[in-house]
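Engineer: Generate a structure from the sequence data that follows.
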Amino acid sequence: MKTSKLSSGILFAFAALLLVGTPSGTARAGVPECGGIRLEDVASCDVRADVECEASCERLGIYTTSCATRLETVCRSECTLSAMPTCTDSCTVMCQGECDAGVSITCQHNCFGECVGSCSGSCAGAADAARCQASCEATCDGECDIQCAPVVDESCYVHCIECCDGSCTAQANMDCQTTCQEVQFEDCEREFQADCMGSCAVSGALFCDDEYVLSGAELPACIDALLARGLSVEVEAMVTIDTSASCSAAAAGAEAGPLGLGLVAVLGALGLRRRRRR
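Structural biologist: Numbering: from 1, shown residues only. Model (predicted):
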């Protein structure tokens with residue numbers, strides 16, 4: 001790791017960035033800068049460092065969302081079933097009726113909500129219900145993103161049809177995705193845990209609703225992306241660098257706000273290097 005000296009001027013600037021608040025808001029689903037994790041409905045996010053961070057990293061269950069999101073993409077190459085006609089055939093009548101009734105339908109929003117309704121049934125009796133639910137939701141998210149991405153300035157009917165088809169495709173691949181992800185889940189969890197623990201004393205790790213999101217080199221860009229989407233990110237500890245490149249935590253209870261968009265530049269100026277997640 002490259003060492004660097006932290007001047008009082010840079011420390012002050014860094015603290016100022018963390019102490020500016022931002023109104024609470026909602027992040028869009030599947031934030032690319034945050035590993036593609038769906039953060040649409042999270043209530044709060046915070047950056048933890050040092051002891052609290054390490055304690056959080058020790059709980060393997062917190063990696064389910066992160067692993068499911070990553071593994072959905074990995075398994076997509078082998079889970080390529082087309083939507084079942086019995087599912088898509090009902091879309092035409094349903095969508096026509098909904099749109100004629102004046103229901104407001106947005107493909108991206110409605111697709112995920114419709115799709116996850118099948119997850120409880122799909123995961124009934126699963127040995128690890130939480131892991132199955134995460135895999136199911138990640139499958140819905142992935143298929144809906146693909147199906148709905150091109151649909152922007154279209155009619156209600158087009159939005160609804162694409163939404164319905166995306167949900168149907170996800171349901172067709174649900175068993176394949178769940179089985180495929182299960183094989184790699186434990187390795188994924190251990191990898192995330194190692195990355196989380198390794199970052200606690202350096203840059204900290206990001207948690208949303210007490211679920212692990214990411215750590216390491218991607219952290220500043222993820223925070224910037226969340227702030228740009230209006231989500232408040234609480235910074236419980238500020239990481240500083242001493243002349244021996246060891247790190248310590250300070251300044252608890254601050255919030256990162258709009259000026260947090262300069263966080264990447266500040267960290268870059270410090271010459272900080274962090275291990276990237278594989």
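
Engineer: what residue ranges in the chain score low on pLDDT?
Structural biologist: Along the chain, the parts satisfying pLDDT under 70 run over 1-29, 236-278.

Engineer: Pick out the residue closest to the middle of it.
Structural biologist: residue 37 (2.2 Å; CA atoms, centre = their mean).

Engineer: which residues touch that one?
Structural biologist: 30-31, 65-66, 69, 213-214 (CB atoms under 8 Å, 6 or more residues apart in numbering). C-betas here are computed from N, CA, C, even on glycine.

Engineer: Check which helices and strands the lengthiest helix in the chain is in contact with.
Structural biologist: Criterion DSSP state H: the longest helix present in the chain is helix 174-200. Applying 3 or more CB pairs under 8 Å, 6 or more residues apart in numbering; DSSP states H and E, one finds that helix 174-200 contacts helix 50-57, helix 64-75, helix 119-122, helix 129-148, strand 211-215.

Engineer: sorry, back to before: of the contacts of residue 37, closest to residue 152?
Structural biologist: Distances from residue 152 to the contacts of residue 37, taken as CB to CB, are shortest for residue 30 (15.8 Å).

Engineer: list the contacts for that closest one?
Structural biologist: 36-38, 141, 145.

Engineer: what about the closest residue to residue 118 other than its chain neighbours, which SS state?
Structural biologist: Ranked by CB to CB, 6 or more residues apart in numbering and with sequence neighbours excluded, the top spatial neighbour of residue 118 is residue 171, at 5.4 Å. Here residue 171 is recorded as helix under DSSP: H, G, I helix; E, B strand; the rest coil.

Engineer: hang on, residue 171 packs against residue 114?
Structural biologist: No. Applying CB atoms under 8 Å, one finds residue 171 not in contact with residue 114, separated by 9.8 Å.
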